[in-house]
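J.: predicted model, plus sequence, below.
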Amino acid sequence: MTEITAHHGIFRDTELHVDDTGGSGRAVVLIHGWPLSGESWSEQVPAFQAAGYRVITYDRRGFGRSDKPLTGYTYDTLTEDLHTLLVELDLDDVTLVGFSMGGGEVARYFSKYGHERLHSVVFASAVPPFLLKTPSNPDGPLEAPEAARMTAGLTADREAFFEDFTTQFYSVDGVLKVTEAQRQEALALAAQASKLAALESMAAFASTDFRDDLALVSVPTLVIHGDGDGTVPFEGSGARTHEAIPGSELVVIAGAPHGVTVSHAAEWNAAVLEFLAK
């Protein structure tokens, strides 16, 4: 475990909590989804480490064990945090794996910092290219009234919102695809997030347009998604990201919910490890 300073502030620095398995293998940086933390990768870290990779997870600002500042929840700043981590740990030839909201940092990285430090990337059940349905984005899977409902629900009753959200996160057609204990683990991680960070980050992943960022992706890319994902539906997100990145590989996991990294961990890990070995 370590802490890195993601941002030097006038009154207070912003520290990010990082877990690094170490070792001499190629670095794989796992970027967690909303509203969880780096601990949500518990099914992946030992498997990837056993395969010889140096596995690094971190808690996004405002979440988990990282600092919870009042600002900095746009994708430009969140991607700056990611870049700072790569620089501070002196990482090159890295694979970035962005799950859900974390796919946004992966996409934005190319437009802000290029590909020089990167070996490959994975968009896992990820929010790009653009979630919100607008006149210029008619295939966006998130309707504006639903986005407003989510914001109102989280604002009014945080505990009730996360209770429902984690259930949907791991369900397909109303059927929970993980154990109740696993859902409770996710609920406990969500409880560590600051309410401000959760609201600001929700607005960011809902309304940020990554279409221009995806046009700059220039390293080997895997898009992996569950076909039962009701949180970030495959047709409006993963399918479009795959189409937007020439030469990208696509793996669709049958019957898997949004939380596929837990519900179908063995199948998901095998597919990503196969990609990493190339």
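T.: Here it is on my side, so go on.
J.: mind listing the strands for the stretch 101-250 of the chain?
T.: 118-124, 171-172, 175-176, 221-226, 249-253 (DSSP state E, counting those that start in this stretch).
J.: neighbours of the nearest residue to residue 207 once chain neighbours are set aside, how many?
T.: Spatial nearest neighbour of residue 207, excluding adjacent residues (C-beta to C-beta, 6 or more residues apart in numbering): residue 132 at 5.2 Å. Where C-beta positions appear, they are placed from N, C-alpha and C, glycine not excepted. Residue 132 has 19 neighbours, counted by other C-beta atoms under 10 Å.
J.: beta partners of residue 132?
T.: residue 142 (DSSP bridges).
J.: ok, which of the strands of the stretch 101-250 of the chain comes nearest residue 90?
T.: Residue 90 lies closest, by C-beta to C-beta, to one member of those: strand 118-124, at 14.5 Å.
J.: how about the closest one: buried residues?
T.: In terms of neighbour count (16 or more other C-beta atoms under 10 Å), strand 118-124 has its buried residues at 118-124.
J.: next: stretch 233-242.
T.: For stretch 233-242, the neighbour count (16+ other C-beta under 10 Å) marks 233-234, 236-242 as buried.
J.: now that stretch: mean pLDDT?
T.: Regarding stretch 233-242, the rounded mean pLDDT is 98.
J.: could you tell me the end-to-end distance of that stretch?
T.: Chord length of stretch 233-242, first to last residue, is 14 Å (C-alpha to C-alpha, to the nearest Å).
J.: which other residues reach that stretch?
T.: Stretch 233-242 is contacted from outside by 103, 123, 125-129, 131, 139-142, 214, 223-227, 229, 232, 248, 250, 252, using C-beta atoms under 8 Å, 6 or more residues apart in numbering.
J.: pull out the buried members of those residues.
T.: 103, 123, 125-129, 131, 140-142, 214, 223-227, 229, 232, 248, 250, 252.
J.: for the helix or strand hosting residue 46, name the packing helices and strands.
T.: Residue 46 belongs to helix 45-50 when assigned by DSSP states H and E. For helix 45-50, the elements it packs on are strand 54-58, helix 265-276, judged by 3 or more C-beta pairs under 8 Å, 6 or more residues apart in numbering; DSSP states H and E.
J.: hmm, try it at 6 Å
T.: When contacts are defined as 3 or more C-beta pairs under 6 Å, 6 or more residues apart in numbering; DSSP states H and E, helix 45-50 packs onto strand 54-58.
J.: got the CA coordinates for the strand it packs on in CSV?
T.: Taking C-alpha atoms only, strand 54-58 is exported to CSV below (Å, rounded to 0.1, in the frame of the first residue of the first chain):
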residue,chain,number,x,y,z
ARG,A,54,2.5,-6.3,-11.7
VAL,A,55,-1.0,-5.4,-10.7
ILE,A,56,-1.9,-1.9,-9.5
THR,A,57,-5.2,-0.7,-8.2
TYR,A,58,-6.1,2.7,-6.8
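J.: strand partners of it, parallel vs antiparallel please.
T.: Short version: by DSSP bridges, strand 54-58 pairs with strand 14-20 (antiparallel), strand 27-31 (parallel).
J.: got a list of contacts for it?
T.: 16, 18-21, 23, 25, 27-30, 38, 41, 45, 48-49, 85 (C-beta atoms under 6 Å, 6 or more residues apart in numbering).
J.: for stretch 190-199, same thing?
T.: Against stretch 190-199 from outside (C-beta under 6 Å, 6+ apart): 35, 62-64, 68, 158, 162.
J.: can you pick the most crowded of the residues you listed?
T.: residue 35 (32 neighbours).
J.: contacts only, for that one.
T.: So residue 35 contacts 190, 193, 198 (C-beta under 6 Å, 6+ apart).
J.: neighbours around residue 218, how many?
T.: Residue 218: 14 neighbours (other C-beta under 10 Å).
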